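K.L.:
model the structure of this input:
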Amino acid sequence: MQFVVECQDKPGQLQLRLSTRPPHLAYLQSHSASILLAGPLLDDAGQPNGFLPVFDVANRAALDAIINNDPYALAGLFATVRVSPFRKTLPATP
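P.N.:
Predicted coordinates:
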C-alpha cells in the first residue's frame, strides 16, 4: 500500500534539522526499498521546512513504525505529520 507523508517542521528548528540530517538520511537509506520518492519541503526562500516521502509498504502499521523511528521524529522536529493513502498512476511502470 502506498502513502504520502507530509511532515512540517516546528518553526525556528532549522539547526535541529541540519544537525539531525545525517542520521535521518542513513535511516532512510536503510528503508530505501520502501521509498518511492522523498525529499525536503522548502519555504519561499528555498530553506527546508518539512519532509515529504512517498512509501510503498505492507500496511499503515508498517508505515507508522518507519515514520515514528525516523531520527527527525525522535528529535521532535515535526509540528505536524499528515498521512494520506496514495496510488501512483504516472508515470506508468511497465
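K.L.:
any idea how far the spatially most central residue of the chain lies from residue 45?
P.N.:
Centroid-nearest residue in the chain: residue 53, 4.0 Å away (criterion: CA atoms, centre = their mean). Per CB to CB, to the nearest Å, residue 53 is found 22 Å from residue 45. Using the backbone N, CA and C atoms, a C-beta is placed for each residue, glycine as well.
K.L.:
dump the residue contacts of the residue nearest to the centre of the chain.
P.N.:
Each residue near residue 53 by CB atoms under 8 Å, 6 or more residues apart in numbering is listed here: 4-5, 28, 35, 37-39.
K.L.:
would you double-check that it falls in a helix?
P.N.:
No: counting by DSSP: H, G, I helix; E, B strand; the rest coil, residue 53 is located in no helix; its state is strand.
K.L.:
for it, list each beta-bridge partner.
P.N.:
Per DSSP bridges, the residues bridged to residue 53 are residue 38.
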